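Chemist: From the sequence below, what's the structure:
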Amino acid sequence: MSPSLCRRCVSLGAKVVVQQSAGITAGFTDAEYRSAGATLVADAAKIWAAADLILKVKEPLPAEYPLLREGQTLFTYLHLAAGPELAKELLKKKILGISNETVEGADGQFPLLKPMSQIAGWLSIQIGAYILQSQPGGSGVLLGGIPGTMPGTWWSSARATPAPTPCKWPWVWARASPCSISIRESLRRSTPSIAVASSCSCQTRRTSSPRWPMRIY
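Modeler: The predicted structure is shown next:
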């Protein structure tokens, strides 16, 4: 919950309780929440005990199961397919769980899942490029290459709907599986001149570069 949403809820008559420092990593200070009308508390358990509606990002961890109260509403990323024990706990305590990743707009889009998927798509490139370095035990391939060398190759795979069109990235060979819409859509919209050689809808070839990747040690 951002301070602006907090202010909106307070204006509608709701009482908003926020854990101290909950918004720091997102760039929101405690002072902003206070000015928006929220009450700040240090102990998360007090929020679980007092609130009828819990808003958070990550699904409840096993240590938080005892904090769930019967009849509460939980609005978060639940990922119940990968968490059968959490599903059983929600059923046992009659929790109304609203899963962020399944909230669908009138246009068929998933507005809460999309930004998370875009972030994950960009991070996959960053993390993969780092792991390719020899220092963390990688093969020593420089993903982007340098003039006169072939860029590295990566495959992406994600559980999503197939993208209708490929996208292109000039400094990396990228082969995306048919289910990698999150990564490809993020690249296409955020980076100019992006080129992806897709295994499902195109075969993009570059002939101006040599056939070996640059290795960095």
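Chemist: residues touching Ser11, list them.
Modeler: Neighbouring residues of Ser11 by C-beta atoms under 8 Å, 6 or more residues apart in numbering: Gly37. All C-beta atoms are positioned from the backbone trio N, CA, C, and that covers glycine.
Chemist: For the residue nearest to the spatial centre of the chain, give its distance to Leu61.
Modeler: Against the mean C-alpha coordinate of the chain, by C-alpha atoms, centre = their mean, the closest residue is Met116 at 2.5 Å. Counting by C-beta to C-beta, to the nearest Å, the separation of Met116 from Leu61 is 18 Å.
Chemist: Then Leu67?
Modeler: 10 Å.
Chemist: Ser99 too?
Modeler: For Ser99, the distance to Leu61 (C-beta to C-beta) stands at 16 Å.
Chemist: Which residue of Leu67 and Leu61 possesses the greater neighbour count?
Modeler: Leu67 (15 against 9; other C-beta atoms under 10 Å).
Chemist: so the more buried one touches Ala45, yeah?
Modeler: Yes. With contact defined as C-beta atoms under 8 Å, Leu67 reaches Ala45; the gap is 5.8 Å.
Chemist: Where does the residue nearest to the centre of the chain sit: helix, strand or coil?
Modeler: Following DSSP: H, G, I helix; E, B strand; the rest coil, Met116 is assigned to helix.
Chemist: my read: it touches Tyr77, true?
Modeler: Yes. Met116 is in contact with Tyr77 according to C-beta under 8 Å; the separation is 7.3 Å.
Chemist: between these two, what contacts are shared?
Modeler: What both Met116 and Tyr77 touch, as defined by C-beta under 8 Å, 6+ apart, is the set 100-101.
Chemist: Check the residue nearest to Leu113 when sequence neighbours are not counted and give its pLDDT.
Modeler: Excluding the flanking residues, the one nearest Leu113 by C-beta to C-beta, 6 or more residues apart in numbering is Glu101, at 4.4 Å. Here the pLDDT value assigned to Glu101 is 93.
Chemist: Quick check: Glu101 is in a helix.
Modeler: Yes. Checked against three-state DSSP, Glu101 lies within a helix.
Chemist: Quick one: residues contacting it.
Modeler: Applying C-beta under 8 Å, 6+ apart, the residues near Glu101 are 77-79, 110, 112-113, 116.
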